[in-house]
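> generate a structure from the sequence data that follows.
(one chain, ligands or ions: 1)
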Amino acid sequence: MIQKILIANRGEIALRIVRACRELGIKTLAVYSEADLQSLHVQLADEAICIGGPRSNESYLRADRIISAAEVADVDAIHPGYGFLSENADFAEQCESCGIKFIGPRAQSIRMMGDKAVAKDTVRRAGVPIVPGSDGPVSTEEEAVKVARRIGYPVIIKAVAGGGGRGMRIAHNDISFAKEFHVARNEAEKAFGNGAVYVERYIQNPRHIEFQILADEHGKILHLGERDCSMQRRHQKLIEESPSPFLTPDLRARMGQAAIAAASAASYANAGTIEFLVDEKGEFYFIEMNTRIQVEHPVTEEVTGIDLVKQQILVAAGEHLAFDQKDITFTKHAIECRINAEDPARNFAPSPGTIGLYYAPGGHGVRVDSHAYGGYTIPPYYDSMIGKLIAYGSTRQIALQRAYRALSEYLVRGVKTTIPLHKAIISDPLFCSGKATTSYMEDFFARMPPDLFVTGDQPQG
Ligand code: ADP
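Got it, this is the predicted structure:
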């Protein structure tokens with residue numbers, strides 16, 4: 001039995017976990033940095049312990065302090081959320097060795113999928129298509145160029161330990177390859193402390209379509225359909241939706257089966273995501289698995305009616321999944337906009353500071369997951385996402401209309417936000433046509449007037 005959970009995270013996901021625990025009758029312990037005392041998850045959790053200074057490496061990344069807090073407060077389990085220690089196999093192992101349940105997959109699954117080259121190799125053996133590329137990491141420029149020539153330009157150089165859209169470089173010929181190879185290695189070393197890179201074919205104008213996996217610890221692995229995350233800026237997701245306007249029932253069924261095969265190759269338990277790129281012809285390729293709950297999980301929750309965070313906790317408590325693949329139905333269309341405290345007019349510079357007036361939209365078919373409130377000060381130390389707006393309805397058109405309506409109601413004064421950008425995208429005919437690929441954002445900025453977010457009555461202040 002799980003009676004008390006430590007939430008090793010902050011922001012909206014920490015609040016999301018508090019809410020799931022409340023409904024399950026489980027007590028919560030928030031751990032927080034000195035910068036997060038005013039945070040809503042600290043105020044709403046049953047107990048709270050300060051674990052250190054504002055910077056992540058003084059607090060949210062300090063496994064030792066988090067485990068000490070867990071022991072002092074006598075919790076049964078730790079939910080890591082996303083980011084921070086959520087995909088750290090050593091942390092998962094430390095929790096288990098202290099008799100604390102890590103709410104996530106086994107450490108060996110995290111380790112296997114955390115190394116992108118190992119992950120690709122593992123799923124390939126299980127019959128899942130992967131992007132053609134090097135067999136594992138490439139250490140010398142000579143070897144790497146050979147691979148690039150074999151698979152054909154353009155190619156993408158990616159960090160084995162990559163994440164968050166960082167550590168990726170595209171090369172179009174031998175000359176740019178030589179330069180980008182060294183840049184990618186240096187970037188990977190700096191960002192992840194691991195300079196290993198691999199090379200794969202750069203798929204032109206793909207869609208990013210990922211499948212939500214839910215698995216129990218007794219071998220049952222299900223998928224909960226897909227999310228189309230093609231709307232990205234610098235390889236970082238901005239808008240996610242489900243179902244994907246691109247998938248046919250046949251392609252969905254084949255990709256769902258491939259996702260289950262990939263998860264079972266990692267002996268997977270708990271919630272996870274299998275990410276694919278899909279090319280213009282409908283060929284799909286595995287790119288990576290995320291071994292945690294994802295930012296965009298509410299999209300799937302609204303489409304399937306399944307509470308993923310509660311399921312994570314029940315699975316961690318050793319329960320069997322109470323439904324089968326045939327019981328999972330997709331009855332709605334849902335779309336999520338990530339609301340970041342950033343200034344679109346200043347190249348998306350972070351805009352921390354104190355929120356004045358704050359009004360979150362509501363009404364039929366609207367969900368807002370956010371830790372923000374009027375008077376809240378957004379600290380400068382963490383990522384800039386202050387909330388997620390999810391709109392859903394029986395069709396894509398209704399979901400889009402509702403998203404636009406809700407964005408128009410959303411008031412965040414005192415800091416700049418990406419709300420005006422989302423309004424411009426949601427009302428763009430190309431996006432509405434459902435044909436957008438990962439190249440959409442670049443094209444969008446080229447088409448829009450440069451002063452789109454500078455002038456006018458954008459409600460961003
Ligand atoms: P990260 O772990 O940093 O998020 P991913 O491997 O998930 O990196 O890739 C993020 C995004 O980068 C993808 O959604 C896609 O837009 C782009 N990308 C990655 N690999 C390729 C590829 N081989 N061809 C084209 N685009 C790619």
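> use CA for all of it now, contacts and neighbours both
Will do.
> quick one: list the elements packing against the helix or strand that contains Gln397.
For Gln397, the host element (DSSP states H and E) is helix 396-409. Helices and strands touching helix 396-409, by 3 or more Cα pairs under 8 Å, 6 or more residues apart in numbering; DSSP states H and E, are strand 333-340, strand 366-370, strand 385-393, helix 419-426.
> now do it, average pLDDT.
On average, the pLDDT along helix 396-409 is 98.
> can you report how many residues lie near the closest residue to Glu296 other than its chain neighbours?
Using Cα to Cα, 6 or more residues apart in numbering and skipping the chain neighbours, the partner closest in space to Glu296 is Glu240 (6.7 Å). For Glu240, the neighbour count with other Cα atoms under 10 Å is 27.
> list the strands paired with the host helix or strand of Glu240, with their directions.
Assigning secondary structure by DSSP H and E places Glu240 in strand 236-242. If you go by DSSP bridges, strand 236-242 pairs up with strand 221-233 (antiparallel), strand 333-340 (antiparallel).
> how about the contacts made by the residue lying closest to Leu400 once chain neighbours are set aside?
In space, and not counting its chain neighbours, Leu400 is closest to Ile426: 6.7 Å by Cα to Cα, 6+ apart. For Ile426, the contacting residues are Leu400, Ala403, Tyr404, Cys432, by Cα atoms under 8 Å, 6 or more residues apart in numbering.
> buried subset of the residues you listed as a PyMOL selection?
Of the contacts of Ile426, the buried ones can be selected in PyMOL as follows, counting by 16 or more other Cα atoms under 10 Å:
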select buried, resi 400+403+404
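> out of the contacts of Ile426, who's nearest Tyr60?
Comparing these against Tyr60 with Cα to Cα places Ala403 closest, at 32.7 Å.
> tally up the residues packed near the closest residue in space to that closest one that isn't next to it in sequence, please.
Spatial nearest neighbour of Ala403, chain neighbours left out: Ala391 (5.1 Å); criterion: Cα to Cα, 6+ apart. Ala391 has 32 neighbouring residues, counting by other Cα under 10 Å.
> same question for Ser68.
Per other Cα under 10 Å, the neighbour tally for Ser68 reads 13.
> just the CA trace of the helix or strand in which it is found, in CSV.
Here Ser68 sits within helix 63-73, counting by DSSP H and E. The C-alpha trace of helix 63-73 is given here as CSV (Å, rounded to 0.1, in the frame of the first residue of the first chain):
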residue,chain,number,x,y,z
ALA,A,63,19.1,12.9,-4.9
ASP,A,64,20.8,12.7,-1.5
ARG,A,65,18.6,15.5,0.0
ILE,A,66,15.5,14.2,-1.6
ILE,A,67,16.0,10.7,-0.2
SER,A,68,16.8,12.1,3.2
ALA,A,69,13.6,14.1,3.1
ALA,A,70,11.7,10.9,2.1
GLU,A,71,13.2,9.1,5.1
VAL,A,72,12.5,11.8,7.6
ALA,A,73,8.9,12.1,6.5
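> that helix packs against which elements?
The contact analysis (3+ Cα pairs under 8 Å, 6+ apart) places helix 63-73 against strand 27-33, strand 47-52.
> next secondary structure after that helix?
Remark: after helix 63-73, the chain's next helix or strand is strand 77-79, criterion DSSP H and E.
> just to revisit the earlier point, and the helix holding Gln397, what's buried?
Buried residues in helix 396-409, defined by neighbour count with 16+ other Cα under 10 Å: Arg396, Ile398, Ala399, Leu400, Gln401, Arg402, Ala403, Tyr404, Arg405, Ala406, Leu407, Ser408.
> circling back: need the contacts of Ile426 in CSV (columns: distance to Arg16).
Shown next, in CSV, are the contacts of Ile426 (distance: Cα to Cα, whole Å):
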residue, distance to Arg16
Leu400, 24
Ala403, 21
Tyr404, 24
Cys432, 30
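> and which of the buried residues of helix 396-409 is nearest to Ala334?
Using Cα to Cα as the measure, the one of these that approaches Ala334 most closely is Ala399, at 6.0 Å.
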